[in-house]
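Trainee: Need the 3D shape of this:
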Amino acid sequence: MRRYWIDKKDLFGDQVNFTGDVFHHIFDVCRQEEGSKFEVLTEDSKAYFVEVTQVSKKAAVARIIEERDIPQLKTPHVHLVLSVSRFPVMDAVMEKAVEMGVKSIQPFFSEFSFVRSGEKISENKTERWDKIVKSATQQSGRGDLMKVHPVMNFDKLAGIINQNDSSVGLFAYEGPSTLSIKEYVSKAKQSHPAGISNIWIIVGSEGGFSHSEVQKFQDLGLHPVTLGPQVLRVETACMALVSVLKYDFDLMV
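Mentor: Numbers count the residues shown, from 1 in each chain. Predicted coordinates for the structure are as follows:
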């Protein structure tokens, strides 16, 4: 079934109004028409099954047939902290992260980032990421938009990671490491018997992390975790970590 993301302000009683970019996408690009039936999703984790009743040149109206609640993401929430990589890689990670149920992505500049500290990410690029998130949300039927935070410098990371006793964090490291992902999960669960609400995953760009950055992560209490003897691409490492954590924390049901 086709799904489209709308603003809640477009709901009026038992009807939905479509105008602007949303109208263009649904009726010009996707060629929906009077009588078409599909779902629209809103930020409050609601899905509405609708039937189009009127279509004009720049607006359309649909009536709501059914309403359902979309299950919210289970905890612990997974947050991906990603050093800015090549932009096609960033795009791919954004899309797959939405599908995998990642709660938020925090891009940051590191020594080996594709775009270095101090440079800016253009508005066009951040708008493109927002569109990717919205499109992947529609495709996956998720009930919330994954948050993509503004890019920050490396030194600011300490302010957002491990902010309370129910949060844990790790970083993927291809150098010497004492913990496998299995060992890390076991230790994290043992040290947080009351439960974990947030997991922060830090992944480097194509160049990985410098020795000084690795030391800074460890000073923050973060654990270096190996993903095996093979060196994984950025996008593969992200999805491998998210998949393992979702399985181990029973987030796939």
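Trainee: all strands for the stretch 151-253 of the chain, in order.
Mentor: For the stretch 151-253 of the chain, applying DSSP state E, counting those that start in this stretch gives strands covering 152-153, 167-172, 179-180, 198-203, 223-226.
Trainee: and those strands as CSV, adding mean pLDDT and mean neighbour count?
Mentor: (Each C-beta comes from the backbone N, C-alpha and C, glycine too.) Output for the strands of the stretch 151-253 of the chain, formatted as CSV (pLDDT from 0 to 100; neighbours: other Cβ atoms under 10 Å):
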stretch, mean pLDDT, mean neighbour count
strand 152-153, 90, 14
strand 167-172, 92, 22
strand 179-180, 88, 15
strand 198-203, 95, 23
strand 223-226, 90, 19
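Trainee: Just put the ones you listed in TSV and tack on distance to Gln139.
Mentor: As requested, the strands of the stretch 151-253 of the chain are arranged in TSV below (distance: least, Cβ to Cβ, whole Å):
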stretch	distance to Gln139
strand 152-153	28
strand 167-172	27
strand 179-180	33
strand 198-203	23
strand 223-226	30
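Trainee: For Val214, find the nearest of those.
Mentor: Proximity to Val214 (Cβ to Cβ) singles out strand 223-226 among those, at 6.7 Å.
Trainee: Which strands or helices does the closest one pack on?
Mentor: Where contact means 3 or more Cβ pairs under 8 Å, 6 or more residues apart in numbering; DSSP states H and E, strand 223-226 is packed against strand 167-172, strand 179-180, helix 181-191, helix 211-219.
Trainee: As a markdown table, those with distance to Ser85 would be great.
Mentor: Formatted as a markdown table, the helices and strands packed on strand 223-226 follow (distance: least, Cβ to Cβ, whole Å):
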| stretch | distance to Ser85 |
| --- | --- |
| strand 167-172 | 13 |
| strand 179-180 | 24 |
| helix 181-191 | 21 |
| helix 211-219 | 15 |
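Trainee: out of the strands of the stretch 151-253 of the chain, nearest to Leu232?
Mentor: strand 167-172 (7.9 Å).
Trainee: and that closest one, which strands flank it?
Mentor: Here strand 167-172 is paired, per DSSP bridges, with strand 198-203 (parallel), strand 223-226 (parallel).
Trainee: who's in contact with Lys96?
Mentor: Neighbouring residues of Lys96 by Cβ atoms under 8 Å, 6 or more residues apart in numbering: Ala136, Glu235, Cys238, Met239.
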